[in-house]
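S.K.: Dropping a prediction and its sequence here:
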Amino acid sequence: MEHFHPGTGHFTVLRAGSIHIEGAAPDVSPIGDDAELEALRQLNEASSRLWRAASLREGLDHVLNAVVRLADTDRGAIELYDEKIRGFRVFAALGFGPIIQDYSHMPPSPPGSASRRAIEQAAPVFVSDTETEFQGDLQTLARAVGIRAVHAFPIIGKAGTCEGALLVHYRAPTLASPRIVERIKLYVRQVAEFIERSRVIEALAESERRERKRASEFEALVDAVPASIIIARDPELKTVMVSREAARVLGQSTEGSINQQVLTSDLRSLVGVYEGGQAIEPDDRPMHRATRGEEVRGFELEMRFGTAETRFIYGNAGPTRDDAGKVTGAMMAFVDITERRKTEEERKLLLAEINHRVKNTLATVIAIQQQTFARAVSPEDGQRAFERRIRALAQTHDRLAAENWSGVSLETLLEDELAPYRDEQANNITLRGSSLRLSPRSAVMLGLAFHELATNAVKHGALSQAGGTIDVSWQDAPGSPEATELIWLERGDKRLETPARQGFGRMLLERGIAAQLNCKVELAFPPTGAACSIVLPRSSLQDG
């Protein structure tokens, strides 16, 4: 094997056991001026195509084509170091046809090959005849691929490290021409620079891919967390990014990723912010305080929007900093606690309402007890009347409880009180009227009134004799569309006596109901039985 010395233009025979011959290499085809210009033109064209290449593979293919033409052969290859296999492998090849179908998966060059020696010695290696200079597996491999000569040029980077080798292969024994060698070295230097640039570009691209991946993972995390995230990219809050949940809470578009969720209006003027009912100036809000380097923890704020909508939030805010500790922006995370606040308010109202109803019920029970025993003929009679009235009150409360104290219909109250007195054919009691829902307060009072009317009908009125009937109807009061008139009318075959004594029921109807529900009550006792007219303002019936 011969080693060319560029400084002297001489070759040294390197093959072990061969004769050392030094002298100028024969140049059988000296290059004239026109050939020199053409060689330079080809070099410039190859260089231009190299630096326009879109990928490392494309650039190497351009250079390899130019070098093979320059060397007047049809075969060549470029081997580079591959981090994945921690070794050198073929990155580009030309002229081998089906022999090398997929050189990207070829194993590294074997020890002793021209490329391995050029890489190890960081100097060109010229094998002028593989039959005499290769032995064993190398000779077998050269024969298999039809190679008789190999000229290998190391690709040296700026740092002095060997990046790989450019190989020119010949089908016949071939000595290296000094002119060709010098020109190939120009190509090799450009390849080294192109590889370094390609690796820098690839490193930047890989960094961008990693950043995009991290950004994508961050966006997925932000949007997966059941909380609102706001990120300010600068201390002046000029660029503010929001998560989808934050966009929803702030009334912004929820389309796109977090990097596309830029607030369409200034965060300062987007909402009114209040704490404990007091307005907070923009510079004193958590996000703005965070941009001044402050950590704001556990704030609970009210946000009032221009649409009169109000929302409550709970969260934390803090600054973002660079490596030097300088504030570069801020981040705020919060949860929407509006529904929780509403639930708390409803619970407070419910407790207040329960307390109110308990007090009213106790007052009603006490009033019933006092009036019942005050008008009772005997303690035993008073006890029985009191128990019946309390059961009637409890029945109305059961109905209201079943409806979550939202109210009960007028017809349901009447059915409950009169059901025990219907005959088998249900002909003795008639109820007529449109659907009318009563508030809890009006239901309690009217339930007691209907109980007293029904009890009186059974003891002294139409239901105290065979064939007696009760007809109850309700409709708009004549001349007053904002009121309902309820008429209770009893009919008995026998003449009935007018009660000689004013009992609890009459007092409840004429005084208690009239005062509590702001209604007009007329009660009469004709011979056929009791007749009662109750004119109820709708506001009293439905006002809870």
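M.R.: Done, it's in. Numbering: from 1, shown residues only.
S.K.: any chance you could map the helices in the stretch 201-350 of the chain?
M.R.: Per DSSP state H, counting those that start in this stretch, the stretch 201-350 of the chain carries helices over the ranges 244-249, 267-270, 286-290, 338-375.
S.K.: whoops, the stretch 1-150 of the chain was the one
M.R.: In the stretch 1-150 of the chain, the helices defined using DSSP H, counting those that start in this stretch lie at 33-52, 56-70, 114-121, 130-133, 136-145.
S.K.: Flag the shaky bits of the stretch 151-300 of the chain, pLDDT-wise.
M.R.: Within the stretch 151-300 of the chain, the ranges that satisfy pLDDT under 70 run 215, 218-219, 221-224, 226, 252-270.
S.K.: Which residue ranges of it form strands?
M.R.: Applying DSSP state E, counting those that start in this stretch to the stretch 151-300 of the chain gives strands spanning 162-170, 228-232, 240-242, 272-275, 278-279, 296-304.
S.K.: Nearest to residue 290, out of the ones you listed?
M.R.: Among those, the nearest to residue 290 by Cβ to Cβ is strand 296-304 (6.0 Å). In this view, the C-beta of every residue, glycine as well, is placed from N, C-alpha and C.
S.K.: which residues are in contact with the closest one?
M.R.: By Cβ atoms under 8 Å, 6 or more residues apart in numbering, the residues outside strand 296-304 that reach it are 249, 271-275, 277, 280, 285-286, 289-290, 310-318, 337.
S.K.: try 6 Å
M.R.: Under the contact criterion Cβ atoms under 6 Å, 6 or more residues apart in numbering, strand 296-304 has outside partners 271-275, 286, 289, 310-314, 316-317.
S.K.: and what of stretch 476-490?
M.R.: Defining contact as Cβ under 6 Å, 6+ apart, one finds that stretch 476-490 is touched by 453, 457, 461-462, 470-474, 529-538.
S.K.: ok, now stretch 119-131?
M.R.: Applying Cβ under 6 Å, 6+ apart, the contact partners of stretch 119-131 are 1-2, 4, 114, 117-118, 133, 142, 147-154, 162, 165, 173, 175-176.
S.K.: With stretch 419-432 instead?
M.R.: In contact with stretch 419-432 (Cβ under 6 Å, 6+ apart) are residues 411, 414, 418, 463, 469-473.
S.K.: show me what contacts residue 174?
M.R.: Contact analysis of residue 174 by Cβ under 6 Å, 6+ apart lists residue 149.
S.K.: roughly how far apart are it and residue 75?
M.R.: Per Cβ to Cβ, to the nearest Å, residue 174 is found 11 Å from residue 75.
S.K.: How about residue 84?
M.R.: For residue 84, the distance to residue 75 (Cβ to Cβ) stands at 26 Å.
S.K.: what does residue 388 give?
M.R.: Taken as Cβ to Cβ, the span from residue 388 to residue 75 is 117 Å.
S.K.: higher neighbour count, those two?
M.R.: Using other Cβ atoms under 10 Å as the criterion, residue 388 and residue 75 rank with residue 75 on top: 22 against 14.
S.K.: Could you tell me which residues make contact with that one?
M.R.: For residue 75, the contacting residues are 95, 169, by Cβ under 6 Å, 6+ apart.
S.K.: what is it paired to in the beta sheet?
M.R.: Residue 75 has these beta-bridge partners by DSSP bridges: residue 169.
S.K.: Now do the contacts for residue 464.
M.R.: By Cβ under 6 Å, 6+ apart, the contact set of residue 464 is empty.
S.K.: need the helix or strand of this protein with the lowest average pLDDT.
M.R.: Here the helix or strand of the chain ranked lowest by mean pLDDT, DSSP states H and E is strand 23-24, holding a mean of 34.
S.K.: what sits up against stretch 530-544?
M.R.: With Cβ under 6 Å, 6+ apart as the contact definition, stretch 530-544 has outside contacts at 438-440, 442, 461, 477, 482-490, 517-524.
S.K.: likewise stretch 56-63?
M.R.: Stretch 56-63 has contacts (Cβ under 6 Å, 6+ apart) with 49-50, 53, 78, 91-92, 187, 191, 194, 198.
S.K.: average pLDDT across that stretch?
M.R.: Averaging pLDDT along stretch 56-63 yields 84.
S.K.: Figure out how far that stretch is from the centre of its chain.
M.R.: Its chain's C-alpha centre and that of stretch 56-63 lie 45 Å apart, by Cα atoms, centre = their mean, to the nearest Å.
S.K.: do stretch 462-471 as well
M.R.: Averaging C-alpha positions (Cα atoms, centre = their mean) puts stretch 462-471 70 Å from its chain's average.
S.K.: Give me the mean pLDDT for it.
M.R.: Stretch 462-471 comes out at a mean pLDDT of 87.
S.K.: for stretch 120-134, same thing?
M.R.: Averaged over stretch 120-134, pLDDT sits at 91.
S.K.: Show me what counts as buried in it.
M.R.: Within stretch 120-134, the residues that count as buried by 16 or more other Cβ atoms under 10 Å are 123-130, 133-134.
S.K.: can you check stretch 312-323 too?
M.R.: Across stretch 312-323, burial judged by 16+ other Cβ under 10 Å covers 312-313, 315-320.
S.K.: and residue 186, how many neighbours?
M.R.: Other residues lying near residue 186 total 16 when counted by other Cβ under 10 Å.
S.K.: nope, residue 383 is what I was after
M.R.: Neighbour count for residue 383, taken as other Cβ under 10 Å: 13.
S.K.: mind pulling up the phi and psi values for it?
M.R.: As for residue 383, its main-chain torsions (degrees, to the nearest 10) stand at phi -60, psi -40.
S.K.: This structure - how does it break down into domains?
M.R.: Structural domains annotated on the chain: 2-202, 225-336, 342-542, as defined by automatic domain parsing.
S.K.: Any chance of the ones you listed in CSV with distance to residue 208 as columns?
M.R.: Output for the domains of the chain, formatted as CSV (distance: least, Cβ to Cβ, whole Å):
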stretch, distance to residue 208
domain 2-202, 10
domain 225-336, 14
domain 342-542, 47
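S.K.: looking at those domains, which is closest to residue 210?
M.R.: Of all the domains of the chain, domain 2-202 sits nearest to residue 210, with 12.4 Å by Cβ to Cβ.
S.K.: Identify the residues contacting residue 138.
M.R.: The contact partners of residue 138, taken as Cβ under 6 Å, 6+ apart, are residue 112.
S.K.: Need the pLDDT of it.
M.R.: Residue 138 is assigned a pLDDT of 88 by the prediction.
S.K.: any idea how far residue 289 lies from residue 435?
M.R.: From residue 289 to residue 435 the distance is 57 Å (Cβ to Cβ).
S.K.: Between those two, tell me which one has more neighbours.
M.R.: Using other Cβ under 10 Å, the more surrounded residue of residue 289 and residue 435 is residue 289, with 18 against 7.
S.K.: Give me the secondary structure label for residue 521.
M.R.: Using DSSP: H, G, I helix; E, B strand; the rest coil, the secondary structure recorded for residue 521 is strand.
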